[in-house]
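Trainee: coords please:
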Amino acid sequence: MSALAPSAPEHPVGPPPTVSFDNTAIAFATKGDAQMRKAHLLFSSLSQPWLVRFGIPLSAWALRVGLPGVRLAVRHTVFEQFCGGESIEQCDAAVEALGRFGVQSILDYSVEGEKSEEGFEATARETIATIDWAATHPHIPFSVFKVTGLARFGLLEKLGAGEKLSTDEQAEWERVRERVLRICQRAHERGMRIFLDGEETWIQDVIDGLGEEMMLRFNRERALVYNTYQMYRKASLGNLRAALERANAKGYFLGAKLVRGAYMEKERLRAKERDYEDPIQPDKAATDADYDSAVRFCLDHLDRMGLCAGTHNETSCQQLVRELARRGLAPNDPRVFFSQLYGMSDNISFNLAKAGYNVAKYLPYGPVRSVMPYLIRRAQENSAIAGQGGREVRLIRNELQRRKQTRALGPGQSTS
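Mentor: Predicted structure coming up:
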């Protein structure tokens with residue numbers, strides 16, 4: 001894959017554009033009726049908090065102890081909805097299906113919390129394999145990894161707390177840094193952009209430091225390595241601004257992936273248990289305000305940044321659409337991407353892609369048992385995010401009804 005230029009031709013300024021996220025024919029173009037009905041049942045179930053609270057952890061436990069039939073049940077429900085497969089090769093069908101409609105993919109080996117050196121090395125090798133595969137594929141603009149797939153969580157916690165490492169731990173940390181370097185070096189050689197995913201607040205500074213160390217090496221010509229900023233954290237907007245100051249001072253481009261965040265309940269519980277200030281925003285409105293401010297900040301400094309707006313929020317997506325037009329930037333400016341998770345918010349992803357914007361779906365993969373932490377977070381999101389699960393149900397129901405009416409009208413007729 002050839003390196004992208006750090007800038008793109010400006011787009012003529014005209015009336016403020018809008019993208020309709022209600023066009024379900026575009027949103028679900030890749031799915032047949034049977035898939036739609038299955039997704040409707042799944043999201044209806046995930047909208048029940050009691051089922052998510054008890055059913056998903058119970059499934060994870062059953063997988064760990066090897067109860068018969070559980071793996072197959074998970075494989076054909078939540079895994080099928082939110083993951084591309086168990087291997088890189090199994091993801092190919094999903095990548096191609098998305099690509100036919102202009103939606104790109106981000107292969108995410110969603111194994112985290114490994115505990116052995118052998119496991120960490122295996123994750124590093126697999127991540128490099130995704131980079132190599134993606135570099136030959138026209139529909140994959142980014143790769144991604146989690147540092148907790150490459151490092152012991154306890155080690156990251158100790159570093160995050162500023163505690164002194166033992167001699168053995170220092171050697172362990174050097175191996176972690178070498179794995180991250182190896183991954184980012186391959187991404188640089190292949191011309192692939194790569195994300196360091198966001199994680200818990202008490203280890204995030206360590207991860208950010210690793211990311212900036214890699215940016216210093218590899219982001220000299222454009223944003224290739226990206227850190228993730230979780231805007232439900234009170235500190236994230238200030239951290240983003242400070243990161244750009246450091247990048248400018250040291251002469252490299254800053255890559256920023258903006259998300260709202262996925263660990264809210266865990267963060268608040270830990271803060272309460274350990275009696276420190278809750279690091280999470282007081283309410284959704286504060287998170288939304290900081291997210292949109294961060295997007296504008298990145299656009300203000302796009303000459304020295306790359307932006308990936310990871311969001312399922314329709315208002316934030318519309319605001320970014322309008323900001324690009326207001327600033328005279330082309331919808332497909334290579335420095336700006338929208339991103340959503342596979343299996344969610346297809347009404348946003350497919351309609352943005354149809355309108356000519358850069359869109360990439362996070363496409364997780366890995367063994368069913370290993371990706372359960374990821375699947376649990378997706379289930380919790382669809383239960384906890386205001387209206388998320390209900391919105392998916394409503395959109396699917398509307399599309400099934402539209403198809404039924406179209407068939408009743410006969411060939412060549414329209415329900416619009």
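Trainee: from now on I want contacts and neighbour counts done on CA atoms only, so please keep to that.
Mentor: OK.
Trainee: just give me the neighbour total for Gly356.
Mentor: Using other CA atoms under 10 Å, the number of residues around Gly356 comes to 15.
Trainee: which elements pack onto whichever strand or helix holds Ser349?
Mentor: Using DSSP states H and E, Ser349 falls within helix 346-354. In terms of contacts (3 or more CA pairs under 8 Å, 6 or more residues apart in numbering; DSSP states H and E), helix 346-354 is packed against helix 24-27, strand 336-341, strand 359-365.
Trainee: how about the helices in the stretch 1-150 of the chain?
Mentor: Taking DSSP state H, counting those that start in this stretch to define them, one finds helices in the stretch 1-150 of the chain at 24-27, 33-46, 49-65, 70-75, 78-82, 92-99, 117-135.
Trainee: circling back: tilt between the helix holding Ser349 and helix 92-99?
Mentor: With axes from the mean of the first three to the mean of the last three CA atoms, to 10 degrees as the basis, helix 346-354 and helix 92-99 are set at 60 degrees to each other.
Trainee: for helix 346-354, the distance to its chain's centre please.
Mentor: Relative to its parent chain, helix 346-354 has a centroid offset of 16 Å by CA atoms, centre = their mean, to the nearest Å.
Trainee: got a list of contacts for that helix?
Mentor: 19-24, 26-28, 101-103, 312, 314, 338-340, 358-361, 395 (CA atoms under 8 Å, 6 or more residues apart in numbering).
Trainee: longest helix in the chain, please.
Mentor: helix 167-190 (DSSP state H).
Trainee: quick one, it and helix 117-135 angle?
Mentor: 10 degrees.
Trainee: so where is the protein shaky, pLDDT-wise?
Mentor: 1-16, 48-57, 59-65, 70, 112-113, 380-389, 411-416 (pLDDT under 70).
Trainee: okay, which residue is most central for it?
Mentor: Tyr362 (5.1 Å; CA atoms, centre = their mean).
Trainee: quick check: that one touching Asp108?
Mentor: Yes. Tyr362 is in contact with Asp108 according to CA atoms under 8 Å; the separation is 6.6 Å.
Trainee: and the helices and strands packed on helix 346-354, which is most packed in?
Mentor: strand 359-365 (a mean of 26; mean count of other CA atoms under 10 Å).
Trainee: output the contacting helices and strands for that one.
Mentor: strand 104-109, strand 336-341, helix 346-354.
Trainee: mind putting the ones you listed in TSV, distance to Phe195 included?
Mentor: Putting the helices and strands packed on strand 359-365 into TSV (distance: least, CA to CA, whole Å) gives the following:
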stretch	distance to Phe195
strand 104-109	10
strand 336-341	12
helix 346-354	19
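Trainee: contacting residues around the residue nearest to the centre of the chain?
Mentor: The neighbourhood of Tyr362, defined by CA under 8 Å, 6+ apart, consists of Ser105, Ile106, Leu107, Asp108, Ser339, Gln340, Leu341, Tyr342.
Trainee: that one pairs with what?
Mentor: Counting by DSSP bridges, Tyr362 forms beta bridges with Ile106, Leu341.
Trainee: kindly export stretch 257-266 (C-alpha atoms) in CSV.
Mentor: Taking C-alpha atoms only, stretch 257-266 is exported to CSV below (Å, rounded to 0.1, in the frame of the first residue of the first chain):
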residue,chain,number,x,y,z
LYS,A,257,-8.1,8.4,17.3
LEU,A,258,-11.0,9.9,19.2
VAL,A,259,-13.5,7.7,21.0
ARG,A,260,-15.9,8.2,23.9
GLY,A,261,-14.7,5.2,25.9
ALA,A,262,-15.6,1.6,26.8
TYR,A,263,-14.7,1.1,30.5
MET,A,264,-17.0,3.5,32.3
GLU,A,265,-18.5,1.1,34.9
LYS,A,266,-15.1,-0.5,35.6
